[in-house]
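In: Predicted model, plus sequence, below.
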Amino acid sequence: MDSSPKGPSSIHLGLKGCVAPSSSLITRCFYRLFDWVAWDGRIILLEKGIRTVPYGFLAVLFPVYLSQLGFDTVQIGIVLTLTVGTSAFYTFIASIVTDRLGRRRTLVFFAMTDAVAGGLLFISTSWWAPVVAGIAGNMSVGSGETGPYLSLDQAILPRTSDLKRRTLMFSLYNLVGYSASSGGSLLAGLPPYLGTGISGYRPLFLAYLVSGLLGMFLYSRLSKSVEQDPSKTSTRQVLSKDSRPIVYKMSALFSVDAFAGGFVGQSILSLYFFQRYRLDLTSLGLLFSAAQIVTAASFLLAARIAQRFGLVNTMVFSHIPSNILLTAIAFAPTAAVAVPLLLGRQSLSQMDVPTRQSYLMSVIPESDRTPAAGFTNVSRTTAQSVSPSLSGYAIANLWVGSPFLFAGMLKLRMLKGKIHRARVTGADLNYEGSIEIDSSLMEAAGIVSFEQVDIWNITNGERFSTYALSAPRGSGTVAINGAAARKVQPGDEIIITAFVSMSEKEAQGWKPHVVLVDRENRLKPKGHLDQTVSRKAIFR
């Protein structure tokens, strides 16, 4: 049952009615601004904000706290790996059992684990307390939230707004999270003013405990409409046949990106700036609060940039300068140089997050949304969990700036090939999810069979991912199959793209294949263009 609001109010977004002075002005403006979001969506957004405040300060102060307890750099990396690994385990379990046990009940349970972790940190200053808390709870120690909450929230959110506002809803969800995390990062500078030594951390750990209790209460107030119909989950496999190829391909892609990002998660960055530049907790809190604000602002800019320069250019070329800036931090001699580089990187590195989340939910059927979000998130979290221990070892035994080099070299995602303005010749819901492409077009674009491709529908604005299958040469076939067939109609014009990951050095001489076709999907005489990506183009 869809809980999205009905009638004109569900598609209205404005401040009409907020101009008259009143004691309830702020409340009325808030509800007016979010009147297109259903009740359950407002609960999700509110809990997202409450939850990510402690995540914001924990990501900054947790490695410093471990250091003051006597943990060395390698041991800190291992604890962070265990913490992220536990989130991956919880996410995996949630993706399998949630729709059978109930989404509301599962969310309440995970909020309880946060309360338990906060309680352990508050009552004990022994070395084992943060280790057990990291394993028992869903503590987020990266630059963004990880864990089962993401999977469950992503499955519920599409039900809480109008279909046309799905991407806006995910942008708002991430904006709330990063804004709240920014405030939390600012609080990370409070321990020196709240007590002497490690006792100054206890009030913030108490706040973490309280946030878990509030989460239990708020999630218990979700309506029954957030639940998946039991009849659709009791007898079927975890993922349907149509969804499996899409989810597996996207999970593989996300895991590469997350593995690289794990080298420079926010806790590792905090440890790096603490040890390399001797920044105190107050300075670290200000730095990462600013970084989160910049990241949140980038979500608002991403849509406009994509409209002006195109989705492909936005996704690809935002990653290139982002990772160049990331690599440059390793060579920054002072904090005055490193801080602007970090803020510049944060303004670009997360631009594709809400779009990626919206893609997945739009191409996956309702009954598969929880496991699909779970599998893609668990692949990211699992890959990300390995990196902190490697970063800790590298900082201690190799070179203090080496994590930035590892992350920067791994994370460049380049356009491999593009078939421009092909026309859809068929859409079959009853065939396994895929796109069949004339083999001559695939060869010209450098796309191989079973490779993941991203598709942008120029006609209706839909965007989705699937995998490519070869169709007879010269047939002009461009046919969409499976769940993605809902996103197209025969005759629609689409852009088909494939991407590849490479180092910055390789990217400087890379030649993407841009294929131009006529109305019959035949190669134009001069339709196969190669263009070298130069350093000048990267910064254009």
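Out: Cool, got the structure.
In: alpha carbons only for contacts and neighbour counts from here, please
Out: Fine.
In: Could you list the low-pLDDT ranges of the stretch 401-540 of the chain?
Out: By pLDDT under 70, the weakly predicted segments of the stretch 401-540 of the chain are 401-414, 501-509, 526-540.
In: ugh, wrong one, I meant the stretch 51-200 of the chain
Out: 99, 141-146, 162-164, 166-167.
In: List the contacts of the host helix or strand of residue 342.
Out: Element membership for residue 342 (DSSP states H and E) is helix 335-349. Residues outside helix 335-349 that contact it (Cα atoms under 8 Å, 6 or more residues apart in numbering): 273, 277, 287, 290-292, 294-295, 297-298, 318-319, 321-323, 325-326, 328-329, 332.
In: and the longest helix for this protein?
Out: helix 39-69 (DSSP state H).
In: ranges for the strands of this structure?
Out: Using DSSP state E, the strands of the chain run over 412-423, 426-428, 434-438, 452-457, 463-471, 478-481, 493-502, 513-517, 523-530.
In: I'd like those as TSV, with mean neighbour count appended.
Out: Shown next, in TSV, are these (neighbours: other Cα atoms under 10 Å):
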stretch	mean neighbour count
strand 412-423	24
strand 426-428	19
strand 434-438	25
strand 452-457	22
strand 463-471	23
strand 478-481	24
strand 493-502	20
strand 513-517	23
strand 523-530	14
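In: how about these, which one is nearest residue 50?
Out: strand 463-471 (31.5 Å; Cα to Cα).
In: Show me what the closest one pairs with in its sheet, parallel or antiparallel.
Out: Sheet pairing of strand 463-471 (DSSP bridges) gives strand 434-438 (parallel), strand 452-457 (antiparallel).
In: Quick one, which of these gets closest to residue 149.
Out: When the strands paired with strand 463-471 are compared (using Cα to Cα), the closest one is strand 452-457, at 26.2 Å.
In: Other residues contacting the closest one?
Out: Strand 452-457 is contacted from outside by 246, 249-250, 462-468, 487-488, 492-499, using Cα under 8 Å, 6+ apart.
In: do stretch 209-219 as well
Out: So stretch 209-219 is contacted by 43-44, 47, 50-51, 54, 104, 107-109, 111-119 (Cα under 8 Å, 6+ apart).
In: Buried ones among these?
Out: Neighbour-count burial (16 or more other Cα atoms under 10 Å) applied to the contacts of stretch 209-219 gives 43-44, 47, 50-51, 54, 104, 107-109, 111-119.
In: Same list (the strands paired with strand 463-471) but as CSV, adding distance to residue 200.
Out: Formatted as CSV, the strands paired with strand 463-471 follow (distance: least, Cα to Cα, whole Å):
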stretch, distance to residue 200
strand 434-438, 56
strand 452-457, 49
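In: looking at those, which is closest to residue 516?
Out: The nearest among the strands paired with strand 463-471, by Cα to Cα, is strand 434-438 at 13.3 Å.
In: Would you mind measuring from the closest residue to residue 187 other than its chain neighbours to residue 139?
Out: The spatially closest residue to residue 187, leaving aside those adjacent along the chain, is residue 57, at 6.0 Å (Cα to Cα, 6 or more residues apart in numbering). From residue 57 across to residue 139, the span is 11 Å (Cα to Cα, to the nearest Å).
In: cool, residue 222 as well?
Out: From residue 222 to residue 139 the distance is 23 Å (Cα to Cα).
In: How about residue 455?
Out: Applying Cα to Cα, the value for residue 455 to residue 139 is 35 Å.
In: Pull the number of nearby residues for residue 53.
Out: 24 (other Cα atoms under 10 Å).
In: thought it was touching residue 188?
Out: No - using Cα atoms under 8 Å, residue 53 makes no contact with residue 188, being 10.2 Å away.
In: now the stretch 201-350 of the chain, which segments are flagged as low pLDDT?
Out: Using pLDDT under 70, the flagged stretches of the stretch 201-350 of the chain are 228-243, 250, 253-266, 299-300, 302-320, 350.
In: ranges for the helices of it?
Out: 202-220, 243-262, 266-276, 281-309, 311-329, 335-349 (DSSP state H, counting those that start in this stretch).
In: Apart from its chain neighbours, what residue comes closest to residue 478?
Out: residue 437 (4.7 Å).
In: That neighbour reaches residue 474, doesn't it?
Out: No - assessed by Cα under 8 Å, residue 437 is found out of contact with residue 474, at 10.0 Å.
In: distance of residue 339 from residue 186?
Out: 16 Å.
In: Neighbour count for these two, which is higher?
Out: Ranked by neighbour count (other Cα under 10 Å), residue 339 and residue 186 place residue 186 first, with 25 against 18.
In: that older thread, can you mark which positions in the helix holding residue 342 are buried?
Out: 338-339, 341-349.
In: Could you do stretch 55-71 as well?
Out: 55-66, 71.
In: just curious, which of these is nearest to residue 89?
Out: residue 55 (18.5 Å).
In: Grab the nearest non-local neighbour of residue 294.
Out: Distances taken as Cα to Cα, 6+ apart place residue 347 nearest to residue 294, at 5.4 Å, with adjacent residues excluded.
In: Please apply the same query to residue 494.
Out: residue 457 (4.4 Å).
In: Distance check, the one you found against residue 484.
Out: Residue 457 is 11 Å from residue 484, by Cα to Cα.
In: How about residue 337?
Out: Counting by Cα to Cα - residue 337 and residue 484 are separated by 46 Å.
In: Contacts only, for residue 418.
Out: Here residue 418 is in contact with 445, 495-498, 512-515 (criterion: Cα under 8 Å, 6+ apart).
In: Report the beta-bridge partners for it.
Out: When bridges are called by DSSP bridges, residue 418 pairs up with residue 497, residue 514.
In: please renumber so the chain begins at 588
Out: New numbering, starting at 588: the last item is residue 1005.
In: in stretch 908-926, what's buried?
Out: 908-917, 925-926.
In: got it, and stretch 779-790?
Out: In stretch 779-790, counting by 16+ other Cα under 10 Å, buried: 779, 788-789.
In: can you tell me which of those residues lies nearest to residue 665?
Out: Nearest member of the buried residues of stretch 779-790 to residue 665, counting by Cα to Cα, is residue 788, at 21.4 Å.
In: Kindly provide the distance from the nearest residue to the closest one once chain neighbours are set aside to residue 1055.
Out: The spatially closest residue to residue 788, leaving aside those adjacent along the chain, is residue 778, at 5.1 Å (Cα to Cα, 6+ apart). Plainly put, residue 778 is 54 Å away from residue 1055 if you go by Cα to Cα.
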